[in-house]
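[1] coords please:
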Amino acid sequence: MFNKRGLILAIFLIICLISSAQAANVYGSIYDFSDFEKPLKNVIVEVQENSTRLQYKVSGDGTYFFNVSPGRYVIKAKFYNDNNILEFSGEENINIGQPDESRNLDLILFPPIDSEFEYLGDINLTGEIETNQTDYTNYIIIIPTALIVISIIIIIFYIRKKKSKNISKIEPALSEVKTANNIGKELPDDLRELYDIILKKGGRTTQKDLRKEVIYGEAKVSLMIADLEDRGLLKKIKKGRSNIIIAENKK
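    Below is the predicted model:
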């Protein structure tokens with residue numbers, strides 16, 4: 001049978017994977033300090049954890065959206081003018097406590113101080129630009145989900161395989177029992193008695209030994225053996241002065 005401990009462990013693993021697959025949604029609009037009517041377009045937005053950048057993108061429509069797991073993050077935004085010089089910047093701290101939490105956080109950008117002067121370089125920020133930065137949060141969702149599906153398929157496969165093996169073992173045994181029962185019902189009492197004795201001896205004995213087990217005479221036993229042989233239940237093999245009796249349905 002399928003190992004119950006293995007099944008419990010697989011279910012526990014699936015539950016853990018489902019929990020790890022959940023992620024919070026953080027989204028909002030981006031404005032400069034002087035205009036709250038229209039979102040600021042072509043802004044670089046990034047999510048940092050412990051000063052390490054996890055995700056970033058360039059927002060072409062002035063909005064952003066990230067999936068993050070529970071934790072403390074800093075969301076930073078920067079806007080560069082046509083000369084690729086930093087014109088506005090801003091950041092917000094956010095604490096995500098629940099995996100299914102959704103947070104709407106608008107970002108307000110201000111002109112940088114002198115120490116924040118930056119030159120972006122020859123990069124065109126027109127329109128929505130998808131960066132090549134790996135979004136690890138998406139992998140947190142996709143990979144565990146795939147593992148969950150694979151685990152379920154493996155569990156179902158092994159359960160069906162074990163059931164199939166058990167059924168294949170049971171069916172021949174049932175077939176033999178039914179055959180023996182049918183034989184017992186069709187035979188007269190004396191033939192059934194003789195046939196049962198042969199089966200108890202492992203389905204193979206000699207005619208001489210068989211006569212010792214019954215009260216019938218030699219002629220009667222010979223006729224009974226011939227009757228069972230005609231019914232296809234026995235096979236008689238001549239060996240010397242005696243005969244070897246073999247049950248035909250013995251496997």
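
[2] what strand or helix carries the most centrally placed residue in the chain?
    Among the residues of the chain, the one closest to the centroid is Ser151, at 1.5 Å (C-alpha atoms, centre = their mean). Using DSSP states H and E, Ser151 sits within helix 136-186.

[3] mean pLDDT per helix and strand in this structure: which one sits at the bottom?
    Least confident element among the helices and strands of the chain, by mean pLDDT, DSSP states H and E: helix 4-21 (a mean of 60).

[4] next helix or strand past that helix?
    Tracing the chain past helix 4-21, the next element assigned as helix or strand by DSSP H and E is strand 24-32.

[5] with just CA atoms, put that next one into CSV.
    These are the backbone C-alpha positions of strand 24-32, laid out as CSV (Å, rounded to 0.1, in the frame of the first residue of the first chain):
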residue,chain,number,x,y,z
ALA,A,24,1.5,40.9,-1.8
ASN,A,25,0.6,43.6,-4.4
VAL,A,26,2.2,47.0,-4.1
TYR,A,27,1.0,49.6,-6.6
GLY,A,28,0.3,53.3,-7.0
SER,A,29,0.8,56.5,-9.1
ILE,A,30,3.8,58.8,-9.4
TYR,A,31,3.6,62.6,-9.1
ASP,A,32,6.1,65.5,-8.9
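
[6] other SSEs contacting it?
    With contacts defined as 3 or more C-beta pairs under 8 Å, 6 or more residues apart in numbering; DSSP states H and E, strand 24-32 has these neighbours: strand 43-49, strand 63-68, strand 71-80, strand 86-96, strand 102-104, strand 107-109. Every C-beta, even on glycine, is put in place using the N, C-alpha and C of the backbone.
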